[in-house]
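Student: Sequence first, predicted coordinates after that:
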Amino acid sequence: MIRIDTERREVILDGPNGAGRHSLDSVEAFEALSAVWLRSGWEAKHIYTFTWFGRPIIQLPDDLVRSQEVIYRLRPDVIVETGIAHGGSLIYYASLCEAMHHGRVIGVDVDIRAHNRAAMEAHELRGRITMIEGSSTAPETFARVRDAVAEGERALVFLDSNHSRAHVREELELYGALVPIGSYIVATDGIMRDLAGSPRAERDWDTNNPYEAARDFVAAHPAEWLIEEPAWAFRESALRRNVTHWPGGWLRRIR
């Protein structure tokens with residue numbers, strides 16, 4: 001539970017994640033209020049209010065900026081995303097590639113709606129985007145993705161399709177093979193773990209989510225993978241954690 005004492009300008013915490021009184025100006029207050037904001041924002045569909053270069057992009061802006069930092073630092077040859085929806089994320093990644101004069105994007109979706117495909121194929125950035133229709137975990141679909149990544153190319157992968165624990169675990173096993181040492185595969189939307197019990201959540205989200213899939217995968221491959229949020233490229237702040245829908249989702253290949 002979180003309460004705000006306006007007279008004393010304090011946040012009062014009372015729950016499993018900590019207890020005590022903290023100044024409204026403190027890091028602890030920001031982190032506690034951010035957790036409440038994320039949960040409330042999920043119910044209010046906050047992320048369903050943005051576009052990127054004309055296409056709906058269903059992502060938390062904080063996560064987009066953090067991913068941009070990684071993309072600019074790594075300059076991958078190819079960015080793979082499972083789950084296309086309206087195509088906004090593909091356009092976002094393609095716009096970064098365009099700005100860097102390097103890289104391209106592959107998007108995979110089990111059902112690319114005709115109107116979304118038409119909008120993507122008419123977009124100014126279409127030359128940097130390849131779309132593949134099919135289940136991301138089907139052998140024939142993954143074979144098409146694998147064949148589209150040339151030998152020696154550096155890939156960065158975002159998993160944003162079916163978010164069940166089993167499906168994400170299977171995607172990690174498949175698409176992790178595309179990721180070289182030092183790059184990442186990202187299991188997005190692990191926030192589902194923290195949303196169990198909310199109106200738009202399923203009852204099993206506390207365990208059936210990408211966060212747990214990532215932990216399962218790393219536990220099975222401890223010598224190859226590490227759960228590690230990328231270090232902030234700029235930091236003039238006492239803050240310690242990302243405000244994110246992707247907690248525990250950044251997996252770096254170490255071997």
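Tutor: Sure, I can see it.
Student: Please identify the buried residues of stretch 193-212?
Tutor: 193-195, 201, 205-206, 208-212 (16 or more other Cβ atoms under 10 Å). Any C-beta I mention is one placed from the backbone N, CA and C, and that applies to glycine too.
Student: Same list (the residues you listed) but as JSON lines, adding secondary structure, pLDDT and distance to residue 239.
Tutor: As requested, the buried residues of stretch 193-212 are exported to JSON lines (DSSP: H, G, I helix; E, B strand; the rest coil; pLDDT from 0 to 100; distance: Cβ to Cβ, whole Å):
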{"residue": "193", "secondary structure": "helix", "pLDDT": "96", "distance to residue 239": "21"}
{"residue": "194", "secondary structure": "helix", "pLDDT": "94", "distance to residue 239": "19"}
{"residue": "195", "secondary structure": "coil", "pLDDT": "95", "distance to residue 239": "22"}
{"residue": "201", "secondary structure": "coil", "pLDDT": "95", "distance to residue 239": "27"}
{"residue": "205", "secondary structure": "coil", "pLDDT": "97", "distance to residue 239": "27"}
{"residue": "206", "secondary structure": "coil", "pLDDT": "96", "distance to residue 239": "26"}
{"residue": "208", "secondary structure": "coil", "pLDDT": "98", "distance to residue 239": "30"}
{"residue": "209", "secondary structure": "coil", "pLDDT": "98", "distance to residue 239": "25"}
{"residue": "210", "secondary structure": "helix", "pLDDT": "98", "distance to residue 239": "24"}
{"residue": "211", "secondary structure": "helix", "pLDDT": "98", "distance to residue 239": "21"}
{"residue": "212", "secondary structure": "helix", "pLDDT": "98", "distance to residue 239": "26"}
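Student: and which of these is nearest residue 97?
Tutor: Distance to residue 97, by Cβ to Cβ, is smallest for residue 210 among those, at 24.9 Å.
Student: In three-state terms, how would the residue lying closest to residue 110 once chain neighbours are set aside be classified?
Tutor: Nearest residue to residue 110 in three dimensions, chain neighbours excluded: residue 135, at 4.9 Å (Cβ to Cβ, 6 or more residues apart in numbering). Secondary structure, DSSP: H, G, I helix; E, B strand; the rest coil: residue 135 is coil.
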